[in-house]
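*Asks:* Next one to model:
(3 chains)
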Amino acid sequence: MKPFAYVRPERTEEAIDRFAAQPGARFLAGGTNLVDLMKLGVAGPPLLIDINGLPLDAVEETAAGGLHIGATARNSDVAAHPLVRVRYPALSQALLAGASPQLRNAATTGGNLLQRTRCPYFQDASKPCNKRAPGSGCPAREGVHRDLAVLGHSAHCVATHPSDMAVALAALDAEVRLRGPAGERTVPVAEFHRLPGDRPDRDTVIEDGELITGVTLPAPPSGARGAYRKARDRASYAFALASVAAVLTVEDGRIGHAALAFGGLAHKPWRAHAAEEVLRGAPATAETYRRAADAELAAAEPLRDNGFKVPLARNLAVSVLHDLASRTDTTG
Amino acid sequence: MTSQLVRPTTGAVRRDARQKVTGEARYAVDRTPPGCLHACPVPATVARGRVTAVHAEAVLQRPGVRAVLTHENAPRLGEADDPTLLLLQDDRVPHRGWYVAVVVADTPEIAREAAEVLDVDYAVEDHDVLLRADHPDLYTPEEANGGHPAVRERGDFAPAFAASPVRVDATYSMSALHNHPMEPHASTARWEDGGLTVYDSSQGASTVRDVLAGLFELPPERVTVVSAFVGGGFGSKGTPRPPCVLASMASRHTGRPVRLVLPRRELAAVVGHRAPTVQRVRIGASEEGVISALSHEVVTQTSTVKEFVEQAAVPARAMYTSPHSFTGHRVVALDVPSPSWMRAPGEASGMYALESAMDELAGAVGVDPVELRLRNEPDAEPDSGKPFSSRGLADCLREGARRFGWEGRDPRPGVRRDGDLLWGTGVASATYPVLLSPCKASAHAGPDGLYTVRVDATDIGTGARTVLAQIAAEALGVPLDSVRVELGSSVLPDAPVAGGSSGTGSWGWAAHKACTALREELAGRSGPLPSEGVTVEADTEEETGQESPYARHAFGAHFAEVRVDTVTGEVRVSRLLGVYAAGRILNPRTARSQFIGGMTMGLGMALTEHSTMDPAFGDYTERDLASYHVPACADVPAIEAHWVEEHDPHLNPMGSKGIGEIGIVGTAAAIANAVHHATGVRLRDLPLTPDRLLPHLR
Amino acid sequence: MEPVDRTAPAGETPEGAPEAVSTLTLRVNGTARTLTVDNRTTLLDALRDHLDLTGSKKGCDHGQCGACTVLLDGRRVNSCLLLAVVCAGASVTTVEGLSDGDRLHPVQEAFVARDALQCGYCTPGQICSAVALLHEAADGQPSYVTPPERSPDGPVSLTPEEIRERMSGNICRCGAYPNIVDAIEEAAR
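*Replies:* Predicted coordinates for the structure are as follows:
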C-alpha cells in the first residue's frame, strides 16, 4: 500500500474543496472496498478524505412520500430501517443478501454504489486489465470468467458490478444525488453505472471531484410488493452468480407496475426494460414471466464458461415474479 | 497387546479452551520480540523462466527498508529433502508465485509496500500448466505419497472385467483444493549467539527444527522451534514451509529478529494443496452386485520442483472384495505450484471416485447402496492378504442407516419434489489407515503431587493437550487435574508431526509408556520424593518400528440428505450423519468436533471449494477467501457424528485409531450420491456448483 | 509475555512524509490509548502490533473471514478493513475486553462448554461476532432469513437458521459451526 495523507473534514464543501486540491484523492467512507483495493495495490490515492464526519448519514422520509438515504448511512442501518423494511423490502433484502453483518456495519450507501468489480484480473495488479490499467488488455475474455458478464460487455471488459443493493435501487427508480465543484445534480441509479464500452476504467458517470451525498427513492406505487433473490456458490457471504430485484403490482390478474433488475450479469445493475414492456398490462401468468425474461435475455452474449447465467437469471426472474404476483393480486 | 487402561475420563473439557476464548493463546503470528523487523516475500509474476535482475537499489533507498534478499545475496542453504525449501538459491522460476526475493523493513507497512514496488526482470519461458488425462508427459512414478507403490495388480483385471455380467466404467474429476487454515503460515526467527529460535506455525516443531538445522548447517540442539498454538493446518503445515526458512535467512542477514507472515493470497502457490485428479474407476460385478474385478486409475499432477503423487487409488486396495484388481497412478510434472498434503491425501479424493462408482453399481444392479457395500465385505485386506485388526465398516453402515432412517428409502432418482426443490439421500463409506511413528516423552512426578508429561506434540486444534493429559492420568492412576502437559516446543522430547491422523496414537503411546514406567518407579519407592522429583523418559522407536501382521484401518459411513433448487441449481445439505469405527474414542467431546470438522470440509469439497488453474498465467484464480468458498456457517446444518464401540488390541496401549481425517473421506461422495438421488443427474466433476448443475435441471 | 515492537521512530516513515503518520486516541476495552501510527495501519494492526492485543486475529486481511472482528462503538466490524486513523476517538472492545476479570462473558463460557472451537484462531472473532449478534437480534434487526413480512418491531427469535445466517461472516476452517450455533443458542437463553 502506498503512503497517503488523511484528512477528516466536517463540512461537505470542505471535503469537495480538498478533493479538488489534490489530484488522485479519494473519499473514504466505510472503506470496506477502498481499503481492500489499496491493500491489493489496485488503488493508491495520495490523500484520503474521510467523509464519516459529514452530516450525510440520515435516513428520512421525503416530502413526496419517498425516502432519502444519506451517503454514509450504513448498509445494516438501512436494511433494518422500519420504512425500508415496510415500503422497500427489495432494498432491505438486497442489503441483507450482501457481504456479512460486520461488513454491512461499516459499508455505506455511497460506497456500496461505488464498489468495484471482483473480476480476478482486476484485483491482481500483476496482470493486464483494461479497467485497472487502460489499454493493457482483458485476459478474462478468454481466461477464467465463469462469474463475469453475459450482458452489455465489450471487447475491452467483461466485468460485472458486484453490488446487491444497487440492483434493488435500480428496480426502485432511485436517484443518486451528487455534489461537486460545479454544484448538485441527480442521476437515476439505473443510469449511474456505465457499460464498459471502450472506457472500462470508468464504472460510473460520476465526475472527478463529485461526492455522492445520498440516494432518493420515490414513494412506492400503491399496492406494490418487492423482493430480491440471489443465487450464489455458498449459502451466505458470497457474491451473486445472478440476482433479481422486482417490484410489481397486480390487479384483476393483470400486471400494473412492473420493475425488474438483474445483478451479476453485467457491468452495471441491469434494469430490464424489455422485460418490463412485456409485463405491463399482461396477464400475471408464468407464461408472461417467461416471455418477459426471455425478451430481456435475448440480448445475452455468454462467454465460453458463463452460459449458465442466462437460464439462471431467467429462472430467478420467473420465480420472483410468480411469488410476488401471488402475494400482490389485489383481487385476492 | 491388550489395553490395561481404565475407562478414560469421558468428555474432558478442552484444556486450552479458556486461553482461546479470551485471546490469551499466542500463535506464531502473535510473536513480535523487541527490535523485530518485518519481512515480506516477493512472488514471481511469471509462470516459468529465470530471474535476470532484481532492482533492489531503488527499494533499499526507501526509509525503513533494511534489506532485500535475492538469490544473489541470500544465505546459502545446506541439504533439504524438500526442494520447495531451497529458496533464493538460484534464478529459476518453476511456477508463478515462487518466491524470488524478500524485503525486510522496520514495519509491516513499509515491507509490504517495498515488496509491491520491487522491480524484478525475468527471462520468460513457455509454460505448461494444464492437467489432461492424455497429457503426453504422464509417467508412472515409483511411489505415491505415503510410500505406497504406484501400481498394484492382483489376479487379471481385464478379462475378469470383460467377463463380468455388470460393469461400471466411469471417470471422475476434481479440481485442486486448498487447505486454507485460518492462521496464515507465519514465522518469527531470531539468531542469537550462533543459535536460531523460531516461532513457527507448524504441525510439528521437531521436524521443523531438524530441517532448519540441516538448511542452516547447525547442530539440531542449536535450533529451537516453538509451535505452541497453531491456527489449523490440515496438512499444509505438516512439514516446514517457506516462512521459517525466509524469516531465518532474513534474521541471519540483518542480525535482528524477523517476523514473516504470508498474505492469504500467496498461500495458494507456496504451502501446498490437494492436486487435481482425473480418476477412472471400473467395477465388474455379478448380477447380485458382488465385485469380481476392480480397477482404479488415477491421473494427477505435480510440480517441476518435486514429485508429490496424491495416492487416490490406494483405498481401493483395502475397501472391497476384488479378486481381480488393478490400482495405479500416473503423474505429470507441470509448471504449477507444488501439491502436498491436504486432509486425508489419497483417501479424500480416491474415495470420492470409488464411492461414487459403488453408487453407480448399486443403481446398475438394483441393490440398495448400503446392502451393496455389505455384500462386498472382504475377509482379509484384499491387497495384502493380511487379516484386519478390526473392521467396523458393516457396523457403521448398519448403525448409520438406523440413525439416518435409511430403511425403506425409495431408490428411484429424481422423484422427490417439494415445490422448486428436489431432494434425495446418499451414502458412502469412509476409511483411513492407522499410522504410527516413533516418539519420545518424559513423565515427571513432583513432590507437590503434580505430574508433568513432556512431549513435542502439536495441538493444531485436535485437543492433544487434553487427550494426552487423559492418557497420562490413566496410566499413572491419578486424577486428571494433577497432570500437566507441556507440548509445542522442540526443547521437549522429540515427537512426530500432527498429521496422518497419527498424533494421538504416536504421542499418546510414548506418554503412556513414560507414565507406566513412572508409576512402577514410584510404586517401588517409599517416603517423600526428592525435591527435584522423579523423571522417567520413554521412546517408542522399537514398538512402532515393527510391521504389524494386521491390516489396520479406521472405517466409517456417511449419510447425506440434500435439497437441490431447480430454479438456481444451488445444492444445500439438509442433513449429514457420520458413524465411525475408530478404535477407542478417548475424548468424546473433542472427537466429535474433529469428526464434524472433517465432514464440514468434505461438504466444501462436494459443493463449494474449487481452485481453477489459469492457463494463461499459471496460477490458481481463487486465491482469497471471497472466491475460494470455504463453507460458511449457513452452509452447515446440524451435523451428527457417532461411533461404534471397537476394542482392537493390535493398535497401541490406548486402543485408539486416528480420527482427524476420516470425517472428510467419503463425505463428498455421499453428498454427490444424494444429488444424483435427488435429481437423477450423475455429475462426475466436483464441486457441484450451480453452473454445473443447472443445465441438467428442469 | 513479550513486549511489542516499537522500533519504528516517527522520522523513518515512508519517504519522510510527515503527513503520512497520525496520532490518535482510542478507547480500548475501557482504557484510553494514544498511539502514533502510519496512516496505512489498520485498526487490527494497531491493536496487535502497537497495543499488544493479539487476541484479534488476521486471517485474510481483506474482510473475507471475520477473524479480526471487534466491536467498534458496540457494533461488530472487520478491523482489518478499518484504518486506525478513521477510528480516532472511538471505543473498541476486543476479545480481551469481554470477560470481567476471571469471569468469562456468557458467550465465552458457552463456547468452552460446547467445545465451539478447535484450533481457536477464528474464535475471538466468532465470540465478538456472537456478542454483537445477541444485541442485534434483541434490537429487532433482520437478517436475510428473517421473514420479510415480519413486523419491524420486537426482538428476532434466534432459531438455528437465524444464528447460522448471522454468523456467516466468521469462517471456521476447523468446522466448529454446529457447536458454535449450540453455544450461541445457549448464551441467548
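*Asks:* and the stretch 101-250 of chain A, which residues reach chain B?
*Replies:* Taking C-beta under 8 Å from any C-beta of the partner chain as the measure of proximity, the stretch 101-250 of chain A contacts chain B at A:118, A:120, A:125-127, A:139, A:142-144, A:146, A:231-239, A:241. Yep, even glycine has a C-beta here, placed from its N, CA and C like the rest.
*Asks:* Apply 6 Å and report the result again.
*Replies:* By the criterion of C-beta under 6 Å from any C-beta of the partner chain, the positions of the stretch 101-250 of chain A lying close to chain B are A:120, A:126, A:139, A:143-144, A:146, A:231, A:233-237, A:241.
*Asks:* Just give the nearest non-adjacent residue to residue B:365, would you?
*Replies:* residue B:289 (4.2 Å; C-beta to C-beta, 6 or more residues apart in numbering or on different chains).
*Asks:* quick check, distance from stretch B:445-454 to the centre of its chain.
*Replies:* Centroid separation between stretch B:445-454 and its chain, computed with C-alpha atoms, centre = their mean, to the nearest Å, is 34 Å.
*Asks:* Apologies, that question was intended for stretch B:372-379.
*Replies:* Using C-alpha atoms, centre = their mean, the distance from the centre of stretch B:372-379 to the centre of the chain it belongs to is 28 Å.
*Asks:* End to end on that stretch, go ahead and measure it.
*Replies:* In stretch B:372-379, first residue to last residue: 16 Å (C-alpha to C-alpha, to the nearest Å).
*Asks:* can stretch A:228-236 be found next to chain C?
*Replies:* Yes: using C-beta under 6 Å from any C-beta, we find that stretch A:228-236 touches chain C at residue A:236.
*Asks:* before we move on, back to that, ok, now how distant is the residue nearest to residue B:365 from chain A?
*Replies:* Look at residue B:289 and chain A: by C-beta to the nearest C-beta, to the nearest Å, they are 36 Å apart.
*Asks:* check which helix or strand covers that residue.
*Replies:* Here residue B:289, judged by DSSP states H and E, is contained in no helix and no strand.
*Asks:* Give the full set of residues in contact with it.
*Replies:* The neighbourhood of residue B:289, defined by C-beta atoms under 6 Å, 6 or more residues apart in numbering or on different chains, consists of B:365, B:367, B:372, B:375.
*Asks:* State the pLDDT value of the residue in the stretch 301-450 of chain B that chain C sits nearest to.
*Replies:* Residue nearest to chain C within the stretch 301-450 of chain B: residue B:343 (10.1 Å; C-beta to the nearest C-beta). Note for residue B:343: predicted pLDDT of 98.
*Asks:* tell me the secondary structure for the nearest residue to residue B:677 once chain neighbours are set aside?
*Replies:* Nearest in space to residue B:677, with sequence neighbours left out and distances taken as C-beta to C-beta, 6+ apart, is residue B:424 at 3.1 Å. Following DSSP: H, G, I helix; E, B strand; the rest coil, residue B:424 is assigned to strand.
*Asks:* same question, residue B:358
*Replies:* With three-state DSSP as the basis, residue B:358 sits in helix.
*Asks:* where does chain C come near chain A, residue by residue?
*Replies:* Proximity of chain C to chain A is assessed by C-beta under 6 Å from any C-beta, with C:14, C:17, C:19-20, C:39-40, C:62-63, C:69, C:75-78, C:81, C:85-86, C:141, C:143-144, C:148, C:152, C:165, C:168-169 identified as the residues in range.
*Asks:* try 7 Å
*Replies:* Counting by C-beta under 7 Å from any C-beta of the partner chain, the residues of chain C close to chain A are C:14-15, C:17, C:19-20, C:22, C:39-40, C:61-63, C:66, C:69, C:75-78, C:81-83, C:85-86, C:129, C:141-144, C:148, C:152, C:165-166, C:168-169.
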